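A.B. asks: Give me the fold of what follows.
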Amino acid sequence: MHLTFPRHFFLIFAVLTVLANCGGQIQEKPIAGCERISGTPGPEDFDLIRETSTVIVSSHERRNGLKDIGALYEISFANPKEKLEAKKIETNYPENFRPHGISYAKVKGVDTLAVISHTLQDEIPHTLEIFERSKSGKWTHTKTLSDPSLTSPNDVFMTESGEIFSSNDNGTSNALRKYWDMIIRSGRADVSYYDGKTFQTLGVPVMLGNGIYIRKNGNQELLYRSVFSEKAIRVYEVNRVNGKINLTYLESISIGAGPDNILEDESGMLWLAAHDSTYKFIRHVMNRNNLAPTRVFKINPNTKEVTEVYANEGAEISAGSTGLVYKDKLLISQVFEDFLLVCPRP
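C.D. replies: Okay, the predicted model is just below:
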């Protein structure tokens, strides 16, 4: 979820949504033996570097009016006997770095991260920050990308050729217009595409776009996009003709909750966390003592079967935003509190 509204807008929006999406009790689906990995304020998104068994976490304290500056952390899964710890990546962070969605790719042989940052600056409110890792293992910030098509970026996917697909959750950075778009249920949140030189929009606007992920299926290249307002994942075919890209809508996969970030495991299954209640989520924005449910799903992209693997009312983890299995673990991130949850693989 993307959080750049002034607080009073959340209160007004809560009133508007309470009748339609108040959210009752969910049926909890616990996993025994879950533990916290602490020390990462607001670890909203992460990505996995399989080659080194390392998870890179995007961390930002989103309460306190978004004034705080964020950072990246890494968690090593290389040694199963070692306690899992989040270690801050020390690097030359850009100014006004408030990270959100993150994506890893080995671009032309170089370990590379693309990270959405909300600068809160009037002229350039959102950027894509690029980090590269040297052979010595040190991450360095190398580039800042910006464009008007980054209207309200939430999640990002980077390919090995250096392309970047950014999913906007709103069609504007203006808080008043965001509020109005929600009132009239206007779908203006498009996908911004960067080909390595220039940006373009891909002409697939929705209301409250969220997670984005691209995978190959035989000769097909498919783009999966979370649409929070539809409680579904939209699936598009990526068509490349004469150096241009366009998306063809294929179908939607119903989740039954507001889907957030999407990742893929080693067997090709898609994993995502989802928010069950908009109202409870917004109440959690306002006060950490107000719990918000976390649900984690696995999707078989071939059969479209959706399986819920974890569900909690929020006492164990609230407002979960990303889920992924790796080796024998399930790792779950969340939007606000200062820990990730690691569970035995379901």
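A.B. asks: show me where the stretch 151-300 of the chain has strands.
C.D. replies: 153-158, 164-168, 191-194, 199-201, 209-217, 220-227, 232-241, 244-254, 258-264, 270-275, 294-299 (DSSP state E, counting those that start in this stretch).
A.B. asks: Turn those strands into JSON lines, columns for distance to Leu330.
C.D. replies: (C-beta placed from N, C-alpha, C; glycine too.) What follows is these, written out as JSON lines (distance: least, Cβ to Cβ, whole Å):
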{"stretch": "strand 153-158", "distance to Leu330": "20"}
{"stretch": "strand 164-168", "distance to Leu330": "24"}
{"stretch": "strand 191-194", "distance to Leu330": "28"}
{"stretch": "strand 199-201", "distance to Leu330": "35"}
{"stretch": "strand 209-217", "distance to Leu330": "17"}
{"stretch": "strand 220-227", "distance to Leu330": "19"}
{"stretch": "strand 232-241", "distance to Leu330": "19"}
{"stretch": "strand 244-254", "distance to Leu330": "20"}
{"stretch": "strand 258-264", "distance to Leu330": "11"}
{"stretch": "strand 270-275", "distance to Leu330": "8"}
{"stretch": "strand 294-299", "distance to Leu330": "7"}
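A.B. asks: Tally up the residues packed near Phe157, please.
C.D. replies: Around Phe157 there are 25 other residues, counting by other Cβ atoms under 10 Å.
A.B. asks: and if you look at the one 4 residues further on?
C.D. replies: Applying other Cβ under 10 Å, we find 10 other residues in the vicinity of Ser161.
A.B. asks: Kindly report the same for Lys29.
C.D. replies: Per other Cβ under 10 Å, the neighbour tally for Lys29 reads 13.
A.B. asks: now it, which residues is it bridged with?
C.D. replies: Taking DSSP bridges as the rule, Lys29 bridges to Ala311.
A.B. asks: who touches it in this structure?
C.D. replies: Residues in contact with Lys29, defined by Cβ atoms under 8 Å, 6 or more residues apart in numbering, are 308-312.
A.B. asks: And it, how far from His284?
C.D. replies: For Lys29, the distance to His284 under the criterion Cβ to Cβ, to the nearest Å works out to 20 Å.
A.B. asks: Distance to Gly33 and mean pLDDT for the strands of the stretch 151-300 of the chain - can I get that in TSV?
C.D. replies: TSV is the format used below for these (distance: least, Cβ to Cβ, whole Å; pLDDT from 0 to 100):
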stretch	distance to Gly33	mean pLDDT
strand 153-158	29	97
strand 164-168	33	98
strand 191-194	38	98
strand 199-201	45	96
strand 209-217	27	95
strand 220-227	28	97
strand 232-241	29	96
strand 244-254	30	96
strand 258-264	22	97
strand 270-275	19	97
strand 294-299	15	98
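A.B. asks: now for those strands, which one comes closest to Ser103?
C.D. replies: Judged by Cβ to Cβ, the one of the strands of the stretch 151-300 of the chain that comes nearest to Ser103 is strand 153-158, at 4.3 Å.
A.B. asks: How much space separates the residue nearest the centre of the chain from Ala273?
C.D. replies: The geometric centre of the chain, computed from its C-alpha atoms, lies nearest to Asn261 (Cα atoms, centre = their mean), at 3.8 Å. Relative to Ala273, Asn261 is positioned 7 Å away (Cβ to Cβ).
A.B. asks: overlap in contacts of these two?
C.D. replies: With contacts defined as Cβ under 8 Å, 6+ apart, the residues shared by Asn261 and Ala273 are 321-322, 333.
A.B. asks: So which of these belong to strands?
C.D. replies: Applying DSSP state E to the shared contacts of Asn261 and Ala273, the entries found in strands are 321-322, 333.
A.B. asks: could those residues go into CSV alongside pLDDT and distance to Val238?
C.D. replies: Shown next, in CSV, are these (pLDDT from 0 to 100; distance: Cβ to Cβ, whole Å):
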residue, pLDDT, distance to Val238
Ser321, 98, 25
Thr322, 98, 23
Ser333, 98, 26
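A.B. asks: Any chance of TSV for these, columns neighbour count?
C.D. replies: TSV is the format used below for these (neighbours: other Cβ atoms under 10 Å):
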residue	neighbour count
Ser321	28
Thr322	30
Ser333	29
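A.B. asks: Let me know the closest of the residues you listed to Glu160.
C.D. replies: Nearest to Glu160 among these, with distances taken as Cβ to Cβ, is Thr322, at 21.2 Å.
A.B. asks: Enumerate every residue touching the closest one.
C.D. replies: For Thr322, the contacting residues are 44-46, 260-261, 263, 272-273, 331-333, taking Cβ under 8 Å, 6+ apart as the criterion.
A.B. asks: 6 Å - rerun?
C.D. replies: If a contact means Cβ atoms under 6 Å, 6 or more residues apart in numbering, then Thr322 has 45-46, 261, 273, 333 as its contacts.
A.B. asks: okay, and for the chain, where does confidence drop off?
C.D. replies: Low-confidence regions of the chain, defined here as pLDDT under 70, cover residues 1-23, 171-188.
A.B. asks: which residue lies farthest from the center of it?
C.D. replies: Taking Cα atoms, centre = their mean as the measure, the residue most remote from the mean C-alpha position of the chain is Asn242, 30.6 Å away.
A.B. asks: quick one, phi psi at that one?
C.D. replies: The phi and psi values for Asn242, taken as degrees, to the nearest 10, are phi 50, psi 40.
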